[in-house]
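S.K.: have a look at this prediction, sequence included:
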2 protein chains.
Amino acid sequence: MLKVSTRSQYGLRAMIYLARHQREICPLKDISKEEGISFDYLEKIISKLEKTGLVKAKKGARGGYFLAKSPKKIKIGEIIRPLEGEKGLVKCMAGSYRCPMVKKCLSKKFWGKIQNALNSVLDSITLADLIKTP
Amino acid sequence: MLKVSTRSQYGLRAMIYLARHQREICPLKDISKEEGISFDYLEKIISKLEKTGLVKAKKGARGGYFLAKSPKKIKIGEIIRPLEGEKGLVKCMAGSYRCPMVKKCLSKKFWGKIQNALNSVLDSITLADLIKTP
DNA sequence: CAAAAACCGACTGATTCCGTCGGTTTTATC
DNA sequence: GATAAAACCGACGGAATCAGTCGGTTTTTG
(Lines give C-alpha, C1' and ligand atoms only; values in the text may rest on other atoms or scores of the structure.)
Protein backbone atom coordinates (compact mmCIF):
# COMPACT_ATOMS: atom_id res chain seq x y z
CA MET A 1 0.00 0.00 0.00
CA LEU A 2 3.01 2.26 -0.44
CA LYS A 3 3.15 2.88 3.25
CA VAL A 4 6.09 3.32 5.55
CA SER A 5 5.76 0.84 8.38
CA THR A 6 5.80 1.93 11.99
CA ARG A 7 9.04 -0.01 12.20
CA SER A 8 10.76 2.66 10.16
CA GLN A 9 9.00 5.50 11.88
CA TYR A 10 9.94 4.18 15.31
CA GLY A 11 13.44 3.42 14.12
CA LEU A 12 13.88 6.94 12.87
CA ARG A 13 12.59 8.39 16.12
CA ALA A 14 14.96 6.23 18.10
CA MET A 15 17.84 7.40 15.95
CA ILE A 16 16.82 11.00 16.44
CA TYR A 17 16.75 10.39 20.16
CA LEU A 18 20.25 8.94 20.07
CA ALA A 19 21.47 11.83 17.96
CA ARG A 20 20.17 14.31 20.51
CA HIS A 21 21.91 12.41 23.26
CA GLN A 22 25.29 12.03 21.64
CA ARG A 23 28.15 10.79 23.76
CA GLU A 24 25.64 9.36 26.20
CA ILE A 25 24.80 5.71 26.48
CA CYS A 26 21.05 5.45 26.29
CA PRO A 27 19.22 2.48 27.76
CA LEU A 28 16.30 1.37 25.70
CA LYS A 29 13.93 1.93 28.57
CA ASP A 30 14.54 5.67 28.38
CA ILE A 31 14.01 5.85 24.65
CA SER A 32 10.84 3.83 24.74
CA LYS A 33 9.45 5.84 27.61
CA GLU A 34 10.33 9.20 26.12
CA GLU A 35 9.01 8.31 22.69
CA GLY A 36 6.02 6.34 23.85
CA ILE A 37 7.00 3.26 21.89
CA SER A 38 6.62 -0.31 23.09
CA PHE A 39 9.83 -1.43 24.71
CA ASP A 40 9.73 -4.95 23.31
CA TYR A 41 8.99 -3.84 19.81
CA LEU A 42 11.61 -1.13 19.82
CA GLU A 43 14.13 -3.69 20.95
CA LYS A 44 13.64 -5.69 17.80
CA ILE A 45 13.93 -2.59 15.69
CA ILE A 46 17.09 -1.24 17.25
CA SER A 47 18.68 -4.65 17.18
CA LYS A 48 18.27 -4.58 13.43
CA LEU A 49 19.92 -1.19 13.28
CA GLU A 50 22.71 -2.52 15.38
CA LYS A 51 23.28 -5.39 12.97
CA THR A 52 23.65 -2.98 10.10
CA GLY A 53 26.25 -1.07 12.09
CA LEU A 54 24.48 2.23 12.64
CA VAL A 55 24.20 1.76 16.34
CA LYS A 56 26.39 0.16 18.96
CA ALA A 57 25.36 -1.50 22.17
CA LYS A 58 26.89 -1.90 25.55
CA LYS A 59 25.52 -4.80 27.53
CA GLY A 60 25.00 -5.14 31.25
CA ALA A 61 24.09 -2.69 33.94
CA ARG A 62 24.51 0.95 32.87
CA GLY A 63 24.62 -0.29 29.33
CA GLY A 64 22.56 0.95 26.44
CA TYR A 65 22.79 2.12 22.89
CA PHE A 66 24.65 4.87 21.11
CA LEU A 67 25.32 5.96 17.57
CA ALA A 68 28.16 4.25 15.79
CA LYS A 69 29.09 7.42 13.93
CA SER A 70 28.34 11.09 13.76
CA PRO A 71 24.79 12.14 12.82
CA LYS A 72 26.30 14.06 9.93
CA LYS A 73 27.44 10.83 8.39
CA ILE A 74 24.16 8.98 8.78
CA LYS A 75 21.85 9.27 5.82
CA ILE A 76 18.20 8.63 6.51
CA GLY A 77 18.17 6.05 3.75
CA GLU A 78 20.62 3.98 5.76
CA ILE A 79 18.07 3.84 8.53
CA ILE A 80 14.95 3.24 6.49
CA ARG A 81 16.14 0.71 3.94
CA PRO A 82 17.19 -2.07 6.30
CA LEU A 83 14.03 -1.61 8.33
CA GLU A 84 11.79 -1.80 5.28
CA GLY A 85 13.66 -4.74 3.85
CA GLU A 86 15.78 -4.40 0.78
CA LYS A 87 13.23 -6.08 -1.44
CA GLY A 88 12.60 -3.09 -3.63
CA LEU A 89 9.49 -1.17 -4.41
CA VAL A 90 8.05 -3.77 -6.76
CA LYS A 91 8.48 -7.49 -7.03
CA CYS A 92 10.01 -7.32 -10.46
CA MET A 93 13.04 -5.50 -9.08
CA ALA A 94 13.80 -8.05 -6.39
CA GLY A 95 17.10 -9.72 -7.19
CA SER A 96 15.89 -13.25 -7.80
CA TYR A 97 12.56 -12.74 -9.46
CA ARG A 98 12.33 -13.04 -13.22
CA CYS A 99 9.22 -11.57 -14.74
CA PRO A 100 7.95 -13.57 -17.72
CA MET A 101 6.80 -10.37 -19.40
CA VAL A 102 10.01 -8.47 -19.00
CA LYS A 103 10.60 -8.07 -22.72
CA LYS A 104 7.39 -6.26 -23.45
CA CYS A 105 7.08 -4.57 -20.11
CA LEU A 106 7.28 -0.82 -20.33
CA SER A 107 6.73 -0.24 -16.67
CA LYS A 108 9.79 -1.84 -15.14
CA LYS A 109 12.02 1.02 -16.14
CA PHE A 110 9.50 3.39 -14.67
CA TRP A 111 9.48 1.69 -11.30
CA GLY A 112 13.24 1.76 -11.33
CA LYS A 113 13.14 5.51 -11.77
CA ILE A 114 10.74 5.93 -8.89
CA GLN A 115 12.87 3.75 -6.69
CA ASN A 116 15.99 5.73 -7.52
CA ALA A 117 14.25 9.01 -6.90
CA LEU A 118 13.05 7.81 -3.54
CA ASN A 119 16.48 6.58 -2.56
CA SER A 120 18.16 9.80 -3.51
CA VAL A 121 15.77 11.85 -1.45
CA LEU A 122 16.32 9.55 1.50
CA ASP A 123 20.06 9.82 1.05
CA SER A 124 20.08 13.58 0.63
CA ILE A 125 19.07 14.12 4.24
CA THR A 126 21.18 13.22 7.23
CA LEU A 127 20.29 12.62 10.82
CA ALA A 128 22.10 15.85 11.66
CA ASP A 129 19.76 17.75 9.35
CA LEU A 130 16.77 16.50 11.27
CA ILE A 131 17.94 17.54 14.69
CA LYS A 132 19.08 21.04 13.94
CA THR A 133 16.19 23.20 15.07
CA PRO A 134 16.00 26.23 12.83
CA MET B 1 6.82 -2.29 3.77
CA LEU B 2 7.23 0.57 1.38
CA LYS B 3 6.11 -1.60 -1.44
CA VAL B 4 3.94 -0.82 -4.41
CA SER B 5 1.09 -3.29 -4.51
CA THR B 6 0.41 -5.39 -7.58
CA ARG B 7 -2.82 -3.44 -7.81
CA SER B 8 -0.87 -0.40 -8.90
CA GLN B 9 1.46 -2.33 -11.10
CA TYR B 10 -1.40 -4.06 -12.85
CA GLY B 11 -3.30 -0.81 -13.04
CA LEU B 12 -0.39 0.92 -14.68
CA ARG B 13 0.04 -1.89 -17.18
CA ALA B 14 -3.63 -1.73 -18.06
CA MET B 15 -3.37 2.01 -18.59
CA ILE B 16 -0.34 1.52 -20.80
CA TYR B 17 -2.31 -1.00 -22.79
CA LEU B 18 -5.17 1.42 -23.24
CA ALA B 19 -2.76 4.17 -24.22
CA ARG B 20 -1.29 2.00 -26.91
CA HIS B 21 -4.74 1.21 -28.22
CA GLN B 22 -6.11 4.72 -28.31
CA ARG B 23 -9.40 5.28 -30.05
CA GLU B 24 -10.17 1.61 -29.68
CA ILE B 25 -12.58 0.17 -27.18
CA CYS B 26 -10.76 -2.57 -25.36
CA PRO B 27 -12.63 -5.38 -23.66
CA LEU B 28 -11.09 -6.41 -20.39
CA LYS B 29 -10.62 -9.93 -21.66
CA ASP B 30 -8.06 -8.74 -24.17
CA ILE B 31 -6.11 -6.71 -21.65
CA SER B 32 -6.02 -9.48 -19.12
CA LYS B 33 -4.97 -12.02 -21.71
CA GLU B 34 -2.29 -9.83 -23.24
CA GLU B 35 -0.86 -8.78 -19.91
CA GLY B 36 -1.24 -12.10 -18.17
CA ILE B 37 -3.27 -10.64 -15.34
CA SER B 38 -6.24 -12.30 -13.68
CA PHE B 39 -9.43 -11.13 -15.31
CA ASP B 40 -11.41 -10.89 -12.11
CA TYR B 41 -8.74 -8.99 -10.24
CA LEU B 42 -8.10 -6.59 -13.07
CA GLU B 43 -11.79 -5.86 -13.20
CA LYS B 44 -11.73 -4.55 -9.67
CA ILE B 45 -8.71 -2.45 -10.42
CA ILE B 46 -9.97 -0.86 -13.58
CA SER B 47 -13.33 -0.21 -12.04
CA LYS B 48 -11.55 1.93 -9.48
CA LEU B 49 -9.79 3.84 -12.22
CA GLU B 50 -13.11 4.36 -13.89
CA LYS B 51 -14.56 5.84 -10.74
CA THR B 52 -11.77 8.36 -10.56
CA GLY B 53 -12.52 9.36 -14.14
CA LEU B 54 -9.34 8.24 -15.87
CA VAL B 55 -11.05 5.56 -17.87
CA LYS B 56 -14.46 5.26 -19.43
CA ALA B 57 -16.48 2.15 -20.00
CA LYS B 58 -18.96 1.04 -22.56
CA LYS B 59 -21.23 -1.72 -21.41
CA GLY B 60 -22.76 -4.51 -23.37
CA ALA B 61 -21.58 -6.55 -26.31
CA ARG B 62 -18.65 -4.94 -28.15
CA GLY B 63 -18.14 -2.80 -25.11
CA GLY B 64 -14.97 -2.29 -23.20
CA TYR B 65 -12.72 0.36 -21.73
CA PHE B 66 -10.92 3.37 -23.12
CA LEU B 67 -9.00 6.34 -21.78
CA ALA B 68 -11.04 9.32 -20.72
CA LYS B 69 -8.38 11.74 -21.91
CA SER B 70 -5.17 11.88 -23.86
CA PRO B 71 -2.15 10.01 -22.45
CA LYS B 72 -0.31 13.33 -22.45
CA LYS B 73 -2.71 14.60 -19.85
CA ILE B 74 -2.55 11.61 -17.57
CA LYS B 75 0.07 11.83 -14.87
CA ILE B 76 1.21 8.55 -13.42
CA GLY B 77 0.44 9.85 -9.96
CA GLU B 78 -3.21 10.05 -10.95
CA ILE B 79 -3.12 6.34 -11.60
CA ILE B 80 -1.13 5.21 -8.61
CA ARG B 81 -2.59 7.31 -5.83
CA PRO B 82 -6.18 6.11 -6.01
CA LEU B 83 -5.03 2.52 -6.31
CA GLU B 84 -2.74 2.78 -3.30
CA GLY B 85 -5.34 4.59 -1.27
CA GLU B 86 -4.91 8.21 -0.39
CA LYS B 87 -3.93 7.48 3.19
CA GLY B 88 -0.45 8.91 2.94
CA LEU B 89 2.93 7.40 3.48
CA VAL B 90 2.72 7.37 7.25
CA LYS B 91 -0.18 7.22 9.65
CA CYS B 92 0.56 10.62 11.13
CA MET B 93 -0.23 12.32 7.83
CA ALA B 94 -3.64 10.75 7.41
CA GLY B 95 -6.24 13.48 7.65
CA SER B 96 -8.05 12.36 10.76
CA TYR B 97 -5.25 11.02 12.89
CA ARG B 98 -3.82 13.21 15.66
CA CYS B 99 -0.48 12.10 16.95
CA PRO B 100 -0.08 12.68 20.69
CA MET B 101 3.61 13.44 20.22
CA VAL B 102 3.19 15.92 17.43
CA LYS B 103 4.71 18.80 19.35
CA LYS B 104 8.03 17.18 19.98
CA CYS B 105 8.09 15.08 16.85
CA LEU B 106 10.88 16.01 14.51
CA SER B 107 10.11 13.37 11.97
CA LYS B 108 6.69 14.40 10.76
CA LYS B 109 8.07 17.20 8.65
CA PHE B 110 10.55 14.77 7.22
CA TRP B 111 7.90 12.30 6.12
CA GLY B 112 6.01 15.15 4.56
CA LYS B 113 9.05 15.99 2.47
CA ILE B 114 9.43 12.42 1.34
CA GLN B 115 5.79 12.21 0.44
CA ASN B 116 5.99 15.42 -1.58
CA ALA B 117 9.09 14.27 -3.37
CA LEU B 118 7.43 11.02 -4.29
CA ASN B 119 4.32 12.74 -5.54
CA SER B 120 6.24 15.15 -7.68
CA VAL B 121 8.18 12.38 -9.35
CA LEU B 122 4.96 10.50 -9.99
CA ASP B 123 3.39 13.62 -11.42
CA SER B 124 6.37 14.54 -13.55
CA ILE B 125 5.81 11.57 -15.83
CA THR B 126 2.82 11.09 -18.08
CA LEU B 127 1.35 8.02 -19.62
CA ALA B 128 2.49 9.36 -22.96
CA ASP B 129 6.08 9.41 -21.73
CA LEU B 130 5.91 5.74 -20.94
CA ILE B 131 4.68 4.59 -24.32
CA LYS B 132 7.01 6.51 -26.54
CA THR B 133 9.66 3.98 -27.49
CA PRO B 134 12.95 5.78 -27.87
C1' DC C 1 -33.50 -13.60 -27.86
C1' DA C 2 -28.61 -14.80 -27.09
C1' DA C 3 -24.18 -13.58 -26.29
C1' DA C 4 -20.80 -10.36 -24.72
C1' DA C 5 -19.44 -7.29 -21.98
C1' DA C 6 -19.31 -4.23 -17.73
C1' DC C 7 -20.80 -4.07 -12.89
C1' DC C 8 -21.11 -5.56 -7.98
C1' DG C 9 -20.49 -7.64 -3.43
C1' DA C 10 -19.18 -11.45 -0.65
C1' DC C 11 -15.77 -14.71 0.43
C1' DT C 12 -11.01 -16.81 1.26
C1' DG C 13 -6.07 -18.31 1.84
C1' DA C 14 -1.79 -16.32 2.56
C1' DT C 15 1.22 -12.91 4.16
C1' DT C 16 2.82 -9.25 6.83
C1' DC C 17 2.45 -6.03 10.64
C1' DC C 18 2.77 -4.90 15.21
C1' DG C 19 3.55 -6.21 18.85
C1' DT C 20 3.95 -9.61 23.39
C1' DC C 21 6.22 -12.94 26.26
C1' DG C 22 9.60 -15.72 28.50
C1' DG C 23 13.95 -16.79 28.96
C1' DT C 24 19.45 -16.12 28.45
C1' DT C 25 23.72 -13.64 28.72
C1' DT C 26 26.61 -9.92 29.99
C1' DT C 27 28.19 -6.29 33.01
C1' DA C 28 28.44 -2.83 36.89
C1' DT C 29 27.84 -2.03 41.53
C1' DC C 30 27.34 -3.11 46.44
C1' DG D 1 30.06 -13.11 44.99
C1' DA D 2 25.15 -11.68 44.76
C1' DT D 3 22.03 -8.74 42.69
C1' DA D 4 20.15 -5.87 39.50
C1' DA D 5 20.17 -3.74 35.08
C1' DA D 6 20.64 -3.97 30.78
C1' DA D 7 21.14 -6.10 25.96
C1' DC D 8 20.03 -10.35 23.35
C1' DC D 9 17.06 -14.03 21.30
C1' DG D 10 13.28 -16.86 19.46
C1' DA D 11 8.57 -18.27 19.57
C1' DC D 12 3.90 -16.97 19.51
C1' DG D 13 -0.55 -14.45 18.15
C1' DG D 14 -4.36 -11.12 16.81
C1' DA D 15 -5.43 -8.05 13.23
C1' DA D 16 -5.13 -6.09 8.89
C1' DT D 17 -4.24 -6.19 4.15
C1' DC D 18 -3.32 -8.39 -0.25
C1' DA D 19 -4.32 -10.90 -4.21
C1' DG D 20 -7.50 -13.29 -6.10
C1' DT D 21 -11.98 -16.03 -6.77
C1' DC D 22 -16.81 -16.65 -7.40
C1' DG D 23 -21.57 -16.04 -8.47
C1' DG D 24 -24.77 -13.22 -9.87
C1' DT D 25 -26.93 -8.65 -12.24
C1' DT D 26 -27.39 -5.25 -15.77
C1' DT D 27 -26.70 -3.33 -20.19
C1' DT D 28 -25.99 -3.44 -25.07
C1' DT D 29 -25.29 -5.35 -29.70
C1' DG D 30 -26.45 -8.23 -33.46
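M.R.: Cool, got the structure.
S.K.: flag every buried residue along stretch A:52-65.
M.R.: Neighbour counts using 16 or more other Cβ atoms under 10 Å in any protein chain shown place A:54-55, A:64-65 of stretch A:52-65 among the buried residues. Heads up, the C-betas are built off the backbone N, CA and C, glycines and all.
S.K.: how about the helices in chain A?
M.R.: For chain A, the helices defined by DSSP state H occupy A:6-20, A:28-35, A:39-51, A:76-84, A:107-123, A:127-131.
S.K.: who wins for proximity to B:A14 among these?
M.R.: helix A:107-123 (10.4 Å; Cβ to Cβ).
S.K.: who are the packing partners of that closest one?
M.R.: helix A:76-84, helix B:6-20, helix B:107-123 (3 or more Cβ pairs under 8 Å, 6 or more residues apart in numbering or on different chains; DSSP states H and E).
S.K.: and chain B, is the first one touching that?
M.R.: Read that as helix A:76-84. Yes: judged by Cβ under 8 Å from any Cβ of the partner chain, helix A:76-84 and chain B are in contact via A:76, A:80, A:84.
S.K.: closest one to DNA strand C out of the residues you listed, please.
M.R.: Checking the residues of helix A:76-84 next to chain B against DNA strand C by Cβ to the nearest atom of the strand gives A:E84 as the nearest, at 7.0 Å.
S.K.: ok, that closest one - contacts?
M.R.: The contact partners of A:E84, by Cβ atoms under 8 Å, 6 or more residues apart in numbering or on different chains, come to A:4-5, A:7-8, B:1-2.
S.K.: quick one: the nearest residue to it once chain neighbours are set aside from A:V55, how far?
M.R.: Nearest residue to A:E84 in three dimensions, chain neighbours excluded: B:L2, at 4.4 Å (Cβ to Cβ, 6 or more residues apart in numbering or on different chains). Counting by Cβ to Cβ, to the nearest Å, the gap between B:L2 and A:V55 amounts to 21 Å.
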